[in-house]
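Asker: Here's my sequence, what's the structure:
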Amino acid sequence: MQESARGNVRNPACPGRQLFDLVTARWAALVLVDLMDGPQRWSELRRRAGGVSDKMLAQTLRDLEAGGLITRTVHTSRPPTVQYALTDLARGATAALQHLQDWAEQHTSDYAHHRHTHTTDPKP
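Answerer: Numbering: from 1, shown residues only. Down below sits the predicted model:
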């Protein structure tokens with residue numbers, strides 16, 4: 001495989017910008033981290049993401065598949081089942097996303113404290 005030129009995500013015309021936007025999108029990041037545990041069905045991803053609408057999850061999965069970050073496999077069981085899995089391309093991004101998730105979970109109380117003390121809502 002030929003090594004491609006490095007992109008510049010700050011350039012809106014760069015395809016790397018589209019990839020960066022896709023990986024860091026709200027639901028995409030959660031789906032990618034969830035798929036680190038192995039292939040999953042749509043209903044599992046929806047349950048784990050917590051709060052995603054059916055429409056948004058479907059769109060996110062389509063976008064991730066079109067971007068080459070996940071695969072969609074239809075199993076010919078009765079009823080047919082569909083599983084989603086990470087591609088090799090996605091595996092590098094998921095390590096960084098997992099690190100970001102860990103950091104966010106470790107600093108939840110700090111964030112909540114700052115949000116509370118810097119609220120712009122007038123107190124009753």
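Asker: What ranges does the protein have for its helices?
Answerer: Per DSSP state H, the chain carries helices over the ranges 15-24, 26-34, 42-49, 54-66, 88-106, 108-117.
Asker: The last one relative to helix 88-106, how many degrees between them?
Answerer: For helix 108-117 and helix 88-106, the angle between their directions (axes from the mean of the first three to the mean of the last three CA atoms, to 10 degrees) works out to 60 degrees.
Asker: do the same with the shortest one
Answerer: Relative orientation of helix 42-49 with respect to helix 88-106: 30 degrees, computed using the same axes, to 10 degrees.
Asker: any residues touching stretch 85-105, and which ones?
Answerer: Residues outside stretch 85-105 that contact it (CB atoms under 8 Å, 6 or more residues apart in numbering): 23, 29, 32-33, 35-36, 38-40, 64, 68-71, 73, 111. Placement of C-beta: from N, CA and C, glycine included.
Asker: Show the buried residues in the residues you listed.
Answerer: 23, 29, 32-33, 35, 40, 64, 69-70 (16 or more other CB atoms under 10 Å).
Asker: so how far is residue 23 from residue 35?
Answerer: Relative to residue 23, residue 35 is positioned 12 Å away (CB to CB, to the nearest Å).
Asker: So which residue is dead centre in the chain?
Answerer: For the chain, the residue nearest the mean C-alpha position is residue 29 (1.9 Å; CA atoms, centre = their mean).
Asker: who are the neighbours in contact with that residue?
Answerer: 23, 97, 100.
Asker: Against residue 114, how distant is the nearest residue to the first one once chain neighbours are set aside?
Answerer: Nearest residue to residue 23, sequence neighbours excluded (CB to CB, 6 or more residues apart in numbering): residue 93, at 4.9 Å. Relative to residue 114, residue 93 is positioned 28 Å away (CB to CB).
Asker: How about residue 97?
Answerer: Counting by CB to CB, the gap from residue 97 to residue 114 is 23 Å.
Asker: for the chain, where's the lowest mean pLDDT among helices and strands?
Answerer: helix 108-117 (a mean of 87; mean pLDDT, DSSP states H and E).
Asker: Listing request: residues of this structure with sub-threshold pLDDT.
Answerer: Within the chain, the stretches with pLDDT under 70 are 1-4, 120-124.
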